[in-house]
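Trainee: I'll drop the sequence and a predicted model, then ask my questions.
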There are 10 protein chains.
Amino acid sequence: MLTAFVLINTLPNYIGNVAQEIANIPNVSEVYSITGEHDLIAIIRLENHDQLDDAIPGQLAKIQGIQRTNTVIAFRRYSAKDLESAWDIGVS
Amino acid sequence: MLTAFVLINTLPNYIGNVAQEIANIPNVSEVYSITGEHDLIAIIRLENHDQLDDAIPGQLAKIQGIQRTNTVIAFRRYSAKDLESAWDIGVS
Amino acid sequence: MLTAFVLINTLPNYIGNVAQEIANIPNVSEVYSITGEHDLIAIIRLENHDQLDDAIPGQLAKIQGIQRTNTVIAFRRYSAKDLESAWDIGVS
Amino acid sequence: MLTAFVLINTLPNYIGNVAQEIANIPNVSEVYSITGEHDLIAIIRLENHDQLDDAIPGQLAKIQGIQRTNTVIAFRRYSAKDLESAWDIGVS
Amino acid sequence: MLTAFVLINTLPNYIGNVAQEIANIPNVSEVYSITGEHDLIAIIRLENHDQLDDAIPGQLAKIQGIQRTNTVIAFRRYSAKDLESAWDIGVS
Amino acid sequence: MLTAFVLINTLPNYIGNVAQEIANIPNVSEVYSITGEHDLIAIIRLENHDQLDDAIPGQLAKIQGIQRTNTVIAFRRYSAKDLESAWDIGVS
Amino acid sequence: MLTAFVLINTLPNYIGNVAQEIANIPNVSEVYSITGEHDLIAIIRLENHDQLDDAIPGQLAKIQGIQRTNTVIAFRRYSAKDLESAWDIGVS
Amino acid sequence: MLTAFVLINTLPNYIGNVAQEIANIPNVSEVYSITGEHDLIAIIRLENHDQLDDAIPGQLAKIQGIQRTNTVIAFRRYSAKDLESAWDIGVS
Amino acid sequence: MLTAFVLINTLPNYIGNVAQEIANIPNVSEVYSITGEHDLIAIIRLENHDQLDDAIPGQLAKIQGIQRTNTVIAFRRYSAKDLESAWDIGVS
Amino acid sequence: MLTAFVLINTLPNYIGNVAQEIANIPNVSEVYSITGEHDLIAIIRLENHDQLDDAIPGQLAKIQGIQRTNTVIAFRRYSAKDLESAWDIGVS
C-alpha cells in the first residue's frame, strides 16, 4: 500500500467545489480544506506505484479551478508498535 | 474530531528515530518519512481543539533531533458521498 | 474559544473595500490594513472548530478582490498571570 | 491606540517558556502558540509610536530562545459599523 | 516624526511613471528607482501614525502600474551623537 | 550624489548595539530599527561609486553581531517638481 | 522500475567525498555535481517502492557532510514512441 | 558527453501533452512527470556544450503550455568504481 | 568604470528575441542565455553611475517579453595581481 | 569558450579575503563584491566543459569563509552584430 499527500492551491472561490470533485476520484481516501499557504490536502492510497500518474497528473491536476499541486509520497510508515523492536535491530 | 498534519524537518541522520518517537505520542494516528522539502509528516486526530497545544508544541516539537515543525489544521473534511447534495444546497 | 488570524493579499486598489466587507462577517472581531508582505490581517474568534470552514473558506476567501489567504490558528493563549504557576508545574 | 503583531520563531523546545516571558512584557495584550511557519504571535497595543522600539527590539527580541522576529504594524482598524458610510463617502 | 519605507514592484514599463506620481503624494520625501528585486523605494515622513493609512493603502498603492507594495516602518532612529551616552545608560 | 540602502539582519539581542556602531560610520546619514523581516536599514550617501566598497563590505558588514546584509542602490531620484516636464519630454 | 532523483546540499568542501560515497550505494545509477542551488543530484532506480526508505533516509541521508536532501519521484516515464498513439487514445 | 536536467512547470492540464512533445526532441533521453514543486524533469545528453542553446531555450522552452523552466547542468559524473582510486589520488 | 549585472526573466518563447534586443543597447557589453531560475544575464559597463537609470529602467526593462529584472551592481573588482599587496596593507 | 557565473555568500567579515583568493584561481577572469543577496560574483571562462568541476567544486567552493555557491552557466552569447541576420534566419 502506497500513500501520497497532494497539497493544492485553487482560485480563492473554488476551494469547496474542487474539494468535492477530488473526493470523488477513486483511491482518494480523504480531502480537507486546511490552514496555511495551501488550500486543500488530499490523501491518496494506492496498491502500487504505477497508479500514481493516472490519479494525480491524469485526474486530480486537471480539475477546473486548481492553480498548483505539490505531491509528497511516503517512503515508509512508522507504527507505535515498532518502537521496542526498533532499538533491538538498530532501525533508525 | 479534529485532524492536524505536522510537517517536520530533522537533523539528516535522525529521521528514523524521530519518526519512531512521534509514532508513540498519544493521538498520533500515522507518521511517514516523505519525499520533498520536509522529512516527516505526522497525522494527529483529536477530540477537541484544546488538546492541540499539549500534543504539538508540548510533546512533538520537543523530540531531540527536530529542527523545525509546521502544523496545518483541517477546517473540514469533504466526503465522496457529499457530491450530489452539494449541488442541491449550493455548497461551494 | 478559538482564535484564528487570516493574513490576506488583495488586488492593490481593493485593500479598503475588502477590509470593510471582512469587518461585517460574523465572528470577525478585528480587521486591520498592515505593513509587510500581506495587505490585511483579520482576527476571528469562534466557539468551536466546526465554525472555521464556514467563516474562512466559506465566506472570507470568496470576497471579490482577494488574491490569497493564509490562515494561522492559535493552539493556546498564554496570560501574564500564568507565569509564577508555570514554573511550579513545569509548563514549558 | 496603535496595534502591532509580532511573529516569532523560537528554538523548538523553548516555545512555552518564551510565550510566558512575552506575556509579562507591559503592553503585550495577547500571546498565542500557533500553526504555520512561525511558533508564536504576540499582539502589542500602545498609546503611541515611540513606545514600539522599547517594547519590541528593546524587550521582546532579547528573550532567550528567540531566533527571529517579524513585526507587522496596523495602519488602520476597520469596524463593522463603517460599512454603510464607507460607500457614501467613497472610502476604498 | 515617523519614517516609512515602501518597497514597490511595478509592471516593467511603468517604473518611471509610477515614480513620478509617487513623488507628488504629500509627505513623500524621496522616491528612487533601485537595484534588486524591487523597482522603487519611497520614503514617507509623517507627523503621526494615523496618517499612514491614507498615505500608503489610501493613495500610493492605488497608482496605476503598481503590482505589489511592502511597507517597512522605523521603530527608532539612531544618531552618531548617541554613541557615547549609549554605553553610559546601557542602551542596546 | 549616490544613495544606498543597506538592509541588515543581526543576532536578536544585538539590534541596538549594531545600529549605534553603524550610525558612526562616515557617510551613513540615517540608521533605523525597523518592522518586517530585516532588523535595521541604513541610508548611505556618497560622492561617488568608488566609496561604496569601503563603506559597506569594508566597514559596515564587519560589525560584530551582523548576520547578513543586502544592499540596494538608487539608480535615480524622482522629485515632485519633475512631474509636469516629465509628460512634456516623454520620460517614463 | 521506479526512478527517484535526490537533490543534495553538502557542506561546501564535502561535495566530492559525498558524491563518491553516494555512487557506491546499491541502486544508485548516476551521481553528478551540478550547477544551481543544490550541490549534487543522484538518480536511484529501484524494483519497487518499498526499497525507497532504506535507500534514501536509511543510507543516503546519513552520509557525513550532507546538510539537506530533497527527493523527487517519477510518476511515469514518457517515451518518444508514445507520441502518435497518444493523440489516438486521448492521453493528455 | 554533457548531461543537463530541465525542471519544468506547465499549466495544470498540460502536463501529459508537454511531456510527450519533450520526449520527441532530439537528445532528450528521458522525460518524467514528477512529485514536488515542478511538474516534469527532462534529461538531455549532448556531445558538446554548444548544442545546449538550441535544445533548451531554442526548442524545449517554446513548447505550448510551459510556464517556467530551470536548467541544471552536471559538472562531473561520479562512478562507483572511482571510490578506491579516489582516496589514492586525493580526489574530493 | 562601473559594472552592472542584470538578471532577466522573459516569457518562455521570447528568450532569444529579448537577448538580441538587449545586445544592441549601448553600453551592454555581454548578454547570455543561462541555466538556473533566470533566463538571461546582461553585463553593462558604464563610465559613471548617472547612466544606470537610462540604461536599465529606461531602456532594458521596457523590451517586450521581459517579465522581471533584478540588477546587481559591483562595488569593487578584485584582481589576481592584488594578492600579495593585499596581505601587506591589510585589505580584507 | 564557455562562460560561468558563480554567485557566492561568505561569512560577513570574509568578503574581501575570499574575493582575493578567487581572483587567483586559474581561469577566473573577473571577481566583484556586489549589491543584493549574494556577496560576490565570479566570472570563469574555460576552453571546455570538463574543466568546470575542477574550477568550481574542486577549487572555488573549498575556500575558507564561503557558505554557499550557486553556479550559472551560459548557453549562448548574443552579440550586437547578430541582430539583422537573426530576423533573416528566424532565430528567436
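Mentor: Sure thing, it's come through.
Trainee: let me see the ranges of the helices in chain A.
Mentor: Using DSSP state H, the helices of chain A run over A:15-23, A:52-53, A:83-89.
Trainee: by mean pLDDT, show me the worst of the ones you listed.
Mentor: Ranked by mean pLDDT, these end with helix A:83-89 at the bottom, a mean of 49.
Trainee: from chain E, how far out is A:Ile66?
Mentor: 23 Å (CB to the nearest CB, to the nearest Å). (Each C-beta comes from the backbone N, C-alpha and C, glycine too.)
Trainee: quick check: that residue touching A:Thr10?
Mentor: Yes: counting by CB atoms under 8 Å, A:Ile66 does reach A:Thr10; the two are 5.6 Å apart.
Trainee: common neighbours of those two, please.
Mentor: Overlap of the contact sets of A:Ile66 and A:Thr10 (by CB atoms under 8 Å, 6 or more residues apart in numbering or on different chains) consists of A:Val18.
Trainee: so where's chain A shaky on pLDDT?
Mentor: Scanning chain A for pLDDT under 70 picks out A:81-92.
Trainee: so where's the longest strand in it?
Mentor: strand A:66-78 (DSSP state E).
Trainee: what's that one packed up against?
Mentor: Applying 3 or more CB pairs under 8 Å, 6 or more residues apart in numbering or on different chains; DSSP states H and E, we find strand A:66-78 packed against strand A:2-10, helix B:15-23, strand B:28-34, helix G:52-53.
Trainee: quick one: contacts for A:Ala42?
Mentor: So A:Ala42 contacts A:5-6, A:8, A:22, A:28, A:30-31, A:60 (CB under 8 Å, 6+ apart).
Trainee: next, count neighbours for the spatially closest residue to A:Arg77 that is not a sequence neighbour.
Mentor: Spatial nearest neighbour of A:Arg77, excluding adjacent residues (CB to CB, 6 or more residues apart in numbering or on different chains): B:Tyr32 at 5.3 Å. If you count neighbours by other CB atoms under 10 Å in any protein chain shown, B:Tyr32 ends up with 22.
Trainee: do A:Ile66 as well
Mentor: Other residues near A:Ile66 come to 22 when the count uses other CB under 10 Å.
Trainee: would you mark the buried spots in stretch A:63-81?
Mentor: A:63, A:65-66, A:69-76, A:78 (16 or more other CB atoms under 10 Å in any protein chain shown).
Trainee: save the helices and strands packed on strand A:66-78 as a markdown table, and put in distance to A:Gly36 too.
Mentor: A markdown table is the format used below for the helices and strands packed on strand A:66-78 (distance: least, CB to CB, whole Å):
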| stretch | distance to A:Gly36 |
| --- | --- |
| strand A:2-10 | 9 |
| helix B:15-23 | 19 |
| strand B:28-34 | 16 |
| helix G:52-53 | 26 |
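Trainee: what sits against A:Ser79?
Mentor: B:Ala23 are the contacts of A:Ser79 under CB under 8 Å, 6+ apart.
Trainee: got the CA positions of stretch A:47-62 in PDB?
Mentor: This file holds the C-alpha atoms of stretch A:47-62, laid out as PDB (Å, rounded to 0.1, in the frame of the first residue of the first chain):
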ATOM      1  CA  GLU A  47      -1.900  -0.600  -4.400                       C
ATOM      2  CA  ASN A  48       1.100   0.200  -6.500                       C
ATOM      3  CA  HIS A  49       3.300   3.000  -7.800                       C
ATOM      4  CA  ASP A  50       2.000   2.700 -11.400                       C
ATOM      5  CA  GLN A  51      -1.400   4.100 -10.400                       C
ATOM      6  CA  LEU A  52       0.100   7.400  -9.300                       C
ATOM      7  CA  ASP A  53       0.300   9.000 -12.700                       C
ATOM      8  CA  ASP A  54      -3.300   8.300 -13.600                       C
ATOM      9  CA  ALA A  55      -4.600   9.500 -10.200                       C
ATOM     10  CA  ILE A  56      -2.600  12.800  -9.900                       C
ATOM     11  CA  PRO A  57      -1.400  14.400 -13.100                       C
ATOM     12  CA  GLY A  58      -4.100  12.300 -15.000                       C
ATOM     13  CA  GLN A  59      -7.200  13.200 -13.000                       C
ATOM     14  CA  LEU A  60      -6.700  15.400  -9.900                       C
ATOM     15  CA  ALA A  61      -4.500  18.100 -11.500                       C
ATOM     16  CA  LYS A  62      -7.000  18.700 -14.300                       C
END
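Trainee: buried set for that stretch?
Mentor: Of the residues in stretch A:47-62, those buried (16+ other CB under 10 Å) are A:49, A:51-62.
Trainee: then stretch A:4-13?
Mentor: Applying 16+ other CB under 10 Å to stretch A:4-13 flags A:4-10, A:12 as buried.
Trainee: please state the offset of it from the chain centre?
Mentor: Here stretch A:4-13 is found 10 Å from its chain centre; the criterion is CA atoms, centre = their mean, to the nearest Å.
Trainee: can you list the residues of chain A near chain C?
Mentor: A:12-13, A:15-16, A:33, A:35-37, A:39 (CB under 8 Å from any CB of the partner chain).
Trainee: of these, list those near chain D.
Mentor: Applying CB under 8 Å from any CB to the residues of chain A next to chain C, those adjacent to chain D are A:35-36.
Trainee: for ChimeraX, what selects the buried ones among the residues of chain A next to chain C?
Mentor: Selection of buried members from the residues of chain A next to chain C for ChimeraX, criterion 16+ other CB under 10 Å:
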select /A:12,15,16,33,35,36,37,39
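Trainee: ok, the residues of chain A next to chain C vs chain I, which is closest?
Mentor: A:Glu37 (19.7 Å; CB to the nearest CB).
Trainee: need the nearest residue in space to that closest one, chain neighbours excluded.
Mentor: Using CB to CB, 6+ apart, the nearest residue to A:Glu37 is C:Asn70, at 5.4 Å.
Trainee: go on, A:Ile8?
Mentor: A:Leu40 (4.2 Å).
Trainee: over to A:Met1?
Mentor: Nearest non-adjacent residue to A:Met1 (CB to CB, 6+ apart): A:Arg45, at 6.0 Å.
Trainee: point me to the residue of chain A nearest chain J.
Mentor: For chain A, CB to the nearest CB, closest residue to chain J: A:Glu37, 21.8 Å.
Trainee: thinking that residue is in contact with C:Thr69, fair?
Mentor: No: judged on CB under 8 Å, A:Glu37 makes no contact with C:Thr69 at a distance of 9.5 Å.
Trainee: spit out the contact partners of the nearest residue to A:Leu2 once chain neighbours are set aside.
Mentor: Distances taken as CB to CB, 6+ apart place A:Leu46 nearest to A:Leu2, at 4.8 Å, with adjacent residues excluded. A:Leu46 makes contact with A:1-2, A:4, A:27, A:52, A:55, according to CB under 8 Å, 6+ apart.
Trainee: so what's A:Arg68 closest to, chain neighbours aside?
Mentor: A:Asn9 (4.6 Å).
Trainee: what about A:Pro29, neighbour count?
Mentor: If you look again at residue A:29, you'll see it is Ser, not Pro. Applying other CB under 10 Å, we find 12 other residues in the vicinity of A:Ser29.
Trainee: before we move on, the earlier item: got the contact list for the residue nearest to A:Arg68?
Mentor: Contacts of A:Asn9 (CB under 8 Å, 6+ apart): A:37-39, A:66-69.
Trainee: how about 7 Å then?
Mentor: Counting by CB atoms under 7 Å, 6 or more residues apart in numbering or on different chains, A:Asn9 makes contact with A:38-39, A:67-68.
Trainee: A:Ala74 against A:Ile44, yeah?
Mentor: No: at 10.4 Å, A:Ala74 and A:Ile44 do not qualify as touching, with contact defined as CB atoms under 7 Å.
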